[in-house]
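K.L.:
Here is my input; please provide its structure:
(chains A, B and C)
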Amino acid sequence: MNKEKQWPLWEVFIQSKTGLPYKHAGSVHAPDAEMALQNARDTYTRRGEGNSIWVVPSDAIIASNPADAESFYEPGNDKIYRHPTFYVMPEGAKHI
Amino acid sequence: MTVNEALFNYSLRLGDNSLILSHRLSEWTGKAPILEEDLAITNIALDKLGQARFLLQYAAQLEGKGRSEDDLAYKRSEREFYNSLLVEQPNGDFAFTMARQLLNDVFDFFLYEELTKSTNEPLASLAAKSLKEIKYHLRHCSEWIIRLGDGTEESHNRIQNSMNELWAYTGELFEMNEIDSILIKENMVPDLSKLKPKWNNMLCEIFEKATLKKPEEGFMHTGSRKGVHSEYLGFILAEMQYLPRAYPSATW
Amino acid sequence: MEKKNPEDSFQVKIDAEEKIEPKDWMPDEYRRNLIRQISQHAHSEVIGMQPEGNWITRAPSLRAKAVLLAKIQDEGGHGLYLYSACETLGISRDELIEQLHSGKAKYSSIFNYPTLTWADIGAVGWLVDGAAIVNQVSLQRTSYGPYSRAMIRICKEESFHQRQGYEIMANMAKGTLEQKQMAQDALNRWWWPSLMMFGPHDTESAHSAKSMKWKIKRESNDELRQRFIDKTVQQAEVIGLSIPDPDLQWNEQRKHYDFGKINWEEFTNVLNGNGPCNKQRMANHIQAHQNGAWVREAAMAYAEKQKNKKVPA
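P.N.:
Numbering: from 1, shown residues only, chains lettered A, B, ... in the order given. You can find the predicted model right below:
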């Protein structure tokens, strides 16, 4: 038996309404981009969930390493001056 | 024949076509080449079933004898169905099913495009809704035809042979009878002979991309406009209609 | 740097109800356990399409046909979501299907029972989906992120499935005498197998302890089974059908129904391949997969050709 080559995997991102961010929905197998788009449509928008779809070859996704989490994300935690609540506003000032 | 009667018959013709094609597609459930395609085929089957229900409801309403969509689907006999011979052909392999779908979808695409301009409001609004669905079906199956045609030698041969075999059922799609003449006069339905060149052109474009040869013109089967079908329809109906026929007093 | 045992920090995370994501460290056994459970779940959805698929072409009304088609399509979709979740653990769909075909992976035994009459479509929706939903609602809180997200999506979509089945049963139960008999007969045949769907008693379950510790499973087989019985008895009463268990009785002290002994011999038998439809279900799946091989191959060949065309000469 000749070993068949499996269709590549694609990650599917769906935008539910214009203006909203694309959200990861899952994945599909497809031989190429056009079929990936169609398979994503047929699999993940059966109930009108979608307004627009992205498909991305799964192996094109670069994910951060969980082991790096501390050095990646913790330095952001103590920069509280990046949040508007850090600042003291004079009483009575409006629309700021 | 009155305009009303002609409309009734025309709605049956369109409705039966959708119903029987939906039936055939639904036979693929759980059997497609890959799970993703299973969902895709079912989506088409569901769209076709939705169109059938609308058309049979409309036919029942035009008839005004208190019949329902289910009466029309489940209580008519072989000789009272008007779907094309094309759509009742058995699924065969995936190539055969896609070839049947393409020949039908290209025809439906141009037919429904014309029907959106119908002076008959229910038909026009059904056509507008259905056209969106048909465009997607057409996209799906033409992409498949291209992949099968220009894929491997095996897939090329399978799709070419399917196309050649099914070609003999395409002449009938364009046949017109008294029903058509009455409704054409009312600007309710298109003259099918005018669709043929467009149908031809679109198919030729797809065949070219798919490296397929257009089948040679030859003998064309006919009969469905008069309710004369292949043997296959009887079996479809036997299966589809068995429960309401076996338990006529039951509601489900 | 201080040395932490990865298994300990893993358990700390689990205990804190944090989700585990694909690239996170996880014990090999956790991974294996998940692959086993998620793939079994995925295969069940897919094989489960067959007993219901039997009746699409024979559905007694166009409405019923549309509903059934949509429902079975959902099962296929859910199988797909679950295969997706499983593939994040580093196993391919092909391998998963191979494991199904070789018998290494299992699917829920319930689908080895036949759907003999239209009432069975009602019973499957009401009881089999009903039992599945009890299990799936609980699994929404499973510790593995992709599995949990798939379950949340599935639960949202499945809510109509049980209603669809119950509606069929309700209509038949108030229909003609023949219809009512069909409905009762279907309930009689599907009741006990539905209870078996939750798996062996907690004391007998091979994988339960580890799965609970790792929060792959959130509630035990017996807890879930009891929940299903408690809510289903009343539903049967409402439509005038009787549950085929002479020992079924409300226990005021426990605030639960007591029920009769489950025939575990039958369960083991079906699990070991001797159910009425085991061979047929597997043969159908293998056949469809083999029939599709040339199609999948053609699509890949086309994609390769297109890729090569894009490379400038």
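K.L.:
The strand or helix carrying residue B:6: what's the following helix or strand?
P.N.:
Using DSSP states H and E, residue B:6 falls within helix B:3-26. Of the helices and strands lying after helix B:3-26 in sequence (DSSP H and E), the nearest is helix B:35-63.
K.L.:
and the helix or strand that that next one is followed by, what does it pack onto?
P.N.:
On the C-terminal side of helix B:35-63, the nearest following helix or strand under DSSP H and E is helix B:69-74. On a contact count with 3 or more CB pairs under 8 Å, 6 or more residues apart in numbering or on different chains; DSSP states H and E, helix B:69-74 meets helix B:3-26, helix B:35-63, helix B:231-246, helix C:62-87. C-beta: built from backbone N, CA, C; applies to glycine.
K.L.:
Can I get those in JSON lines including mean pLDDT, mean neighbour count and distance to chain A?
P.N.:
Below are the helices and strands packed on helix B:69-74 laid out as JSON lines (pLDDT from 0 to 100; neighbours: other CB atoms under 10 Å in any protein chain shown; distance: least, CB to the nearest CB, whole Å):
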{"stretch": "helix B:3-26", "mean pLDDT": "98", "mean neighbour count": "23", "distance to chain A": "13"}
{"stretch": "helix B:35-63", "mean pLDDT": "98", "mean neighbour count": "23", "distance to chain A": "4"}
{"stretch": "helix B:231-246", "mean pLDDT": "98", "mean neighbour count": "16", "distance to chain A": "24"}
{"stretch": "helix C:62-87", "mean pLDDT": "97", "mean neighbour count": "24", "distance to chain A": "4"}
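K.L.:
Can you name the residues of chain A that neighbour chain B?
P.N.:
A:7, A:28-31, A:34-35, A:38-39, A:42-43, A:46 (CB under 8 Å from any CB of the partner chain).
K.L.:
Any regions of chain C where pLDDT drops low?
P.N.:
C:1-3, C:207, C:312-313 (pLDDT under 70).
K.L.:
Which parts of it are helices?
P.N.:
C:6-15, C:28-47, C:49-53, C:62-87, C:93-102, C:118-123, C:129-139, C:145-173, C:177-196, C:208-213, C:221-238, C:264-269, C:278-291, C:293-310 (DSSP state H).
K.L.:
Next one: the closest residue to chain C within the stretch 101-250 of chain B from residue B:36, what distance?
P.N.:
Chain C sits closest to residue B:151 of the stretch 101-250 of chain B, with a gap of 2.9 Å, by CB to the nearest CB. Noted for residue B:151: a distance of 17 Å to residue B:36, by CB to CB, to the nearest Å.
K.L.:
Deepest in the core, which of the helices of chain C is it.
P.N.:
helix C:118-123 (a mean of 27; mean count of other CB atoms under 10 Å in any protein chain shown).
K.L.:
circling back to that earlier point, report the angle between the helix holding residue B:6 and helix C:62-87.
P.N.:
30 degrees (axes from the mean of the first three to the mean of the last three CA atoms, to 10 degrees).
K.L.:
Looking at chain A, which helix is longest?
P.N.:
helix A:33-44.
K.L.:
The helix or strand just after that one pairs with which strands, and in what direction?
P.N.:
Per DSSP H and E, the first helix or strand lying C-terminal to helix A:33-44 is strand A:52-57. Strand pairing for strand A:52-57, using DSSP bridges, gives strand A:9-15 (antiparallel).
K.L.:
Tell me which residue of chain A lies closest to chain C.
P.N.:
Closest point on chain A to chain C, by CB to the nearest CB, is residue A:31, at 3.7 Å.
K.L.:
tell me the contacts of that residue?
P.N.:
A:7-8, B:147, C:296, C:299-300, C:302-303 (CB atoms under 8 Å, 6 or more residues apart in numbering or on different chains).
K.L.:
Swap in 6 Å and give it another go.
P.N.:
Applying CB atoms under 6 Å, 6 or more residues apart in numbering or on different chains, we find residue A:31 in contact with A:7, C:299-300, C:303.
K.L.:
Can you tell me which of those is closest to residue C:17?
P.N.:
Nearest to residue C:17 among the contacts of residue A:31, counting by CB to CB, is residue A:7 at 36.2 Å.
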